[in-house]
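Quick check, what structure comes out for this input:
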Amino acid sequence: MSHTIHSIFISHGAPNYALEPGLPGHALEALGQQLITQGTRTLIVLSPHWRSAKLAVTSHDAPVIVHDFYGFPKQLYELKPEICGAPELALQLANCLGSQNFSTELRPQQGFDHGAWVPYMHLFPNGGPPMIQLSMPVDWTGETALNVGAVVGKFAREHNAVVVGSGSLTHNFDDMDIHAAKVGGDAQAQGLIYVGEFNAWIQERLQAGDSKAIAQAELEAPHFARAHPDDDHYLPLPFAVGAASNTFKVNVLPEDVRYKALSMQSFAFTA
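Below you'll find the predicted structure:
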């Protein structure tokens, strides 16, 4: 990948992705190296695991690591990556969003949830730049995510930051088979048919630069209601697309399908 990365959509999977990187995790590590090489000073991350009434941004210099899940191996709860915050940049971002009529508040006590810190661990296993997390208001639509992403993306490019939308390309708990083979197993790779068809449609629209279709996927994409009974894990994609340049190029990262229904597809958007 020879062009400058402006934004990334990352499928963060289940929390145990932190311990089972597989092909997607190794691809993120290579991507992280490029982020360091291009001089990335900060990550600005949106995760579906922090919902709010209005936009908010983390503003502590060292937000806590939140283990916002239960029933997983003990090792997961022992993971506490050291990730610095960027309070001064958070204030500037809040002001920038406010100037564009997106009222935004600072949250100095808010920690990083697993949608933020798990991808960070794979991107920067040896430590990396500071990170700011943006909340996802409960009334967001795909259009809102795209529009807020555009404001955040412009701000990020002015401050040598990179925007990350952390979600999941498909996310239907009822379809997941927790007894499927482990990462890399044959059964694991055989996702349900709709997972592949939904992924193919998304990739086609991204390759065409069709941001509007991505924002309106709930109305246009095949199997959207099954891929996303709740759209919270999808909205980080139009957010990341909005944060890309108007003439973005999409780089499709290696995928695997976990539990037969959880696509780990991620995309990097470059100039």
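
Which pLDDT value belongs to the spatially most central residue of the chain?
For the chain, residue 166 is the residue whose C-alpha lies nearest the centre (Cα atoms, centre = their mean; 1.4 Å). On the pLDDT scale, residue 166 is placed at 98.

Return the residues in contact with it.
Residue 166 sits next to 9, 10, 12, 45, 46, 47, 48, 115, 116, 119, 236 when contact means Cβ atoms under 8 Å, 6 or more residues apart in numbering. Any C-beta I mention is one placed from the backbone N, CA and C, and that applies to glycine too.

which SS class is it?
strand (DSSP: H, G, I helix; E, B strand; the rest coil).

how near is it to residue 89?
Distance, residue 166 to residue 89, using Cβ to Cβ, to the nearest Å: 19 Å.

One more: residue 180?
Residue 180 sits 41 Å away from residue 89, going by Cβ to Cβ.

Let me see the contact set for residue 109.
If a contact means Cβ under 8 Å, 6+ apart, then residue 109 has residue 60 as its contacts.

Buried residues, stretch 35-50. List them.
By neighbour count on 16 or more other Cβ atoms under 10 Å, the buried set for stretch 35-50 is 35, 40, 42, 43, 44, 45, 46, 47, 48, 49, 50.

ok, of those, which one's closest to residue 155?
In terms of Cβ to Cβ, no member of the buried residues of stretch 35-50 lies closer to residue 155 than residue 44, at 8.0 Å.

That closest one and residue 92 touch, don't they?
No: judged on Cβ atoms under 8 Å, residue 44 makes no contact with residue 92 at a distance of 11.1 Å.

intersection of neighbour lists for the two?
Contact criterion Cβ under 8 Å, 6+ apart; residues bridging residue 44 and residue 92 by contacting each: residue 155.

pLDDT below threshold where in the protein?
Across the chain, residues meeting the criterion (pLDDT under 70) sit at 1-2, 181-190.

what's the lengthiest strand in the chain packed up against?
For the chain, the longest strand by residue count, based on DSSP state E, is strand 42-52. Judged by 3 or more Cβ pairs under 8 Å, 6 or more residues apart in numbering; DSSP states H and E, strand 42-52 is in contact with helix 114-123, strand 131-137, helix 142-158, strand 161-167, helix 236-243.

what helices or strands is the third one leaning on?
Under the contact criterion of 3+ Cβ pairs under 8 Å, 6+ apart, the helices and strands touching helix 142-158 comprise strand 5-11, strand 42-52, helix 87-99, strand 161-167, helix 211-215, helix 236-243.

Can I get those in CSV including distance to residue 147?
Formatted as CSV, the helices and strands packed on helix 142-158 follow (distance: least, Cβ to Cβ, whole Å):
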stretch, distance to residue 147
strand 5-11, 14
strand 42-52, 13
helix 87-99, 11
strand 161-167, 14
helix 211-215, 9
helix 236-243, 6
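
out of the ones you listed, nearest to residue 153?
Of all the helices and strands packed on helix 142-158, the one in closest proximity to residue 153, counting by Cβ to Cβ, is helix 236-243 (3.0 Å).

Could you name the helices and strands sitting against that closest one?
Using 3+ Cβ pairs under 8 Å, 6+ apart, the elements in contact with helix 236-243 are strand 5-11, strand 42-52, helix 142-158, strand 161-167, helix 211-215, strand 267-270.

Just the CA trace of whichever helix or strand comes after that helix, in CSV.
Scanning forward in sequence from helix 236-243, with DSSP states H and E defining helices and strands, the next element found is strand 249-252. Backbone C-alpha positions of strand 249-252 (Å, rounded to 0.1, in the frame of the first residue of the first chain) are rendered in CSV as follows:
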residue,chain,number,x,y,z
LYS,A,249,-9.0,4.4,-3.1
VAL,A,250,-10.1,1.3,-1.1
ASN,A,251,-7.6,-1.4,0.0
VAL,A,252,-9.4,-4.6,0.9
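
Next, the buried residues of strand 249-252.
Counting neighbours by 16+ other Cβ under 10 Å, the buried set in strand 249-252 is 249, 250, 251.

hang on, isn't the second one packed against residue 271?
So the one you mean is residue 250. No: taking Cβ under 8 Å as the definition, residue 250 is not a contact partner of residue 271, at 11.8 Å.

Give me the nearest residue to residue 75, chain neighbours excluded.
Closest residue to residue 75 apart from its sequence neighbours, by Cβ to Cβ, 6 or more residues apart in numbering: residue 19 at 6.1 Å.

Cheers, nothing more for now.
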